[in-house]
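Below: sequence and its predicted model.
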Protein chains: 2
Amino acid sequence: MSHTYTIRDLTKELNVTSRTLRHYEDEGLLAPARRGLARIYSQRDRARLTLILRGRRVGFSLAEIGEILDLYDRGDGAVAQNQHSLRKFKERIEALLRQKQDIEEAIAELRLGVARLEHQLAESHAEMTPRPRMTGYSVMPAGE
Amino acid sequence: MSHTYTIRDLTKELNVTSRTLRHYEDEGLLAPARRGLARIYSQRDRARLTLILRGRRVGFSLAEIGEILDLYDRGDGAVAQNQHSLRKFKERIEALLRQKQDIEEAIAELRLGVARLEHQLAESHAEMTPRPRMTGYSVMPAGE
DNA sequence: GTAAATCTTGACGTTGACGTAAGCGGCGGC
DNA sequence: GCCGCCGCTTACGTCAACGTCAAGATTTAC
C-alpha cells in the first residue's frame, strides 16, 4: 500500500519550492528515501513536512522545529531525557499561548482602525450635512 | 505635562537595544524629537514602539508594520485612499485569524506530545510491573 | 575640571532561510 | 537518437533585522 510522493508532488500540494525541501533535508528535518538519486517521500515525510510548515507559520526557526521533531521521535529515551523533553514541550506551549494573546491584541487593535476608517467613510459620504467633524480619532495616546 | 523618555528608558522598559531603536528610525517607523543630538521620545513614540514590537512578535516584517502605522496615521486621506486602507486592515485581520488558527493547532499537537510523554513517564515509574509496554504511540501516520 | 559613562553617526559583519545559476544525469515521446 | 523536462549537486547571492566595532561629541558624577 503505503503511498509515496515525488518532490514535485509535495511542492505542488503544499506550495513550497523544491529548493525548500532540499534545504530542510540539509538541515536534517527530512530524510526521504532515494531511488537512485531521486527523492521518494513517504507518508511520514509528508506528515513531518506539514508540521515543519506549520511550525514555520507560527514563527519557529528551523532549528526549533528540528528540536520539536526530535522530541516526538525520541519518546523512548531515559527518564531524565524525557522529563527534559516534557519541559521543552511545555515551554513551547507557554510561548504559543503568549503569542496567541499577542495576536488577539493585534486583531483588536486593527479592528479599532477599521472602525475608525468606517466611521470616517460614513461621514464623508454624508457630505451634504456639514456638521462639526469628528476629528482627532486616534489610537495613539494624544501625542506630546 | 507630557512625559518623555530617553533612549535608555525605552530600551530598559521594553527590553530592546538602542541599536534596534535607531534601526526603526532608519526605516522610518519612529521619528523622535532631538535635543541637540540626543533623541527624545514622546508618549506617541512609545505607543508606536509598542505597536511595532507587538507587530514583530506576531510575525510582521518591519515594512508591513510601517504600512500599518501609515494606515493609522493617514485617516484623513481621500475616500478612495481610505477604502484601500480599509481593505488592507481587513486583510491583515484575516491573516491574523488564520495565524491564530495555526497556533491553536500547534498547541493541540504539542499537547499530544506532552500527553504521550507523561504516559511513558508514568509507565516507566511503575517499573515493578512488567506488563506489555504501550509502544508505537506516534503522532506521525505509521510511516512507510 | 576632568574622568567615566552615555550618546551620536557611519559602516561593515552576521545569521537564517532560502533564491539562483551552472553543469551534469536520466528518461519518456516522437 | 535526440529534445525537452525533471531532478541532482555545488556553490555563491540575497534580504531582513539587527550586531558590532570605530571614532568622536556630550553629558553626569564627584
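In hand now; what should we look at? Residues are numbered from 1 along each chain as shown, chains lettered A, B, ... in the order given.

hey, let's count contacts and neighbours off CA atoms from now on
Fine.

element containing A:V16, please.
Following DSSP states H and E, there is no helix or strand that holds A:V16.

Skip the chain neighbours and tell me the closest residue to it.
Nearest residue to A:V16, sequence neighbours excluded (CA to CA, 6 or more residues apart in numbering or on different chains): A:L10, at 7.7 Å.

burial count for the one you found?
Close neighbours of A:L10, defined as other CA atoms under 10 Å in any protein chain shown, add up to 17.

how about the residues of chain A near DNA strand C?
For chain A, the residues in contact with DNA strand C (CA under 7 Å from any atom of the strand) are A:T17, A:S18, A:R19, A:T20, A:H23, A:R56, A:F60, A:S61, A:L62, A:A63.

List just the nearest of these to A:K90.
Taking CA to CA as the measure, A:K90 lies nearest A:F60 of the residues of chain A next to DNA strand C, at 14.9 Å.

is it true that that closest one lies in a helix?
No. Looking at A:F60 with DSSP: H, G, I helix; E, B strand; the rest coil, it is coil, so not inside a helix.

ok, whatever helix or strand A:L51 lives in near DNA strand D or not?
Assigned by DSSP H and E, A:L51 belongs to helix A:43-57. No. Remark: helix A:43-57 sits outside contact range of DNA strand D, by CA under 7 Å from any atom of the strand, the gap being at least 13.5 Å.

per-residue confidence for the residue nearest to A:V16?
A:L10 is assigned a predicted lDDT (pLDDT) of 97.

now what about the host helix or strand of it, what contacts it?
In this assignment (DSSP H and E), A:L10 forms part of helix A:7-14. Contact with helix A:7-14 is made by A:V16, A:T17, A:S18, A:L21, A:R39, A:I40, A:Y41, A:R46, A:T50, as judged by CA atoms under 8 Å, 6 or more residues apart in numbering or on different chains.

The fifth one in helix, strand or coil?
Spelled out, that is A:R39. Under three-state DSSP, A:R39 comes out as strand.

Run through the bridge partners of it.
A:R34 (DSSP bridges).

That one and DNA strand D, how far apart?
Going from A:R39 to DNA strand D by CA to the nearest atom of the strand, to the nearest Å gives 4 Å.

Whichever helix or strand comes after the helix holding A:L10 versus helix A:43-57: what angle between them?
Scanning forward in sequence from helix A:7-14 by DSSP H and E, the next helix or strand is helix A:18-26. Using axes from the mean of the first three to the mean of the last three CA atoms, to 10 degrees, the inter-axis angle of helix A:18-26 relative to helix A:43-57 is 100 degrees.

tell me the contacts of the residue nearest the centre of chain A?
For chain A, the residue nearest the mean C-alpha position is A:R57 (1.6 Å; CA atoms, centre = their mean). Under the criterion of CA under 8 Å, 6+ apart, the neighbours of A:R57 are B:Q99, B:D102.

Which two of the contacts of helix A:7-14 have the greatest separation?
Spatial extent of those (CA to CA) is set by the pair A:R39 and A:T50 at 17.3 Å.

ok, back up a step: in ChimeraX, select just the buried ones from the contacts of helix A:7-14.
To isolate the buried members of the contacts of helix A:7-14 in ChimeraX, using 16 or more other CA atoms under 10 Å in any protein chain shown:
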select /A:21,39,40,41,46
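
what's the closest of the contacts of helix A:7-14 to A:T4?
Distance to A:T4, by CA to CA, is smallest for A:Y41 among these, at 5.5 Å.

hang on, isn't that closest one packed against A:P32?
Yes. Using CA atoms under 8 Å, A:Y41 is in contact with A:P32, at 5.0 Å.

Does the longest helix belonging to chain A reach chain B?
Secondary structure of chain A per DSSP state H: the longest helix is helix A:79-125. Yes. On the criterion CA under 8 Å from any CA of the partner chain, helix A:79-125 is in touch with chain B at A:79, A:82-83, A:86, A:89-90, A:92-93, A:96-97, A:99-100, A:102-104, A:106-107, A:110-111, A:113-114, A:116-118, A:120-121, A:124.

What subset of the residues you listed is buried?
Buried members of the residues of helix A:79-125 next to chain B, counted by 16+ other CA under 10 Å: A:79, A:82, A:86, A:89-90, A:92-93, A:96-97, A:99-100, A:102-104, A:106-107, A:110-111, A:113-114, A:116-117, A:120-121.

how near is A:K88 to B:I107?
Going from A:K88 to B:I107 by CA to CA, to the nearest Å gives 13 Å.
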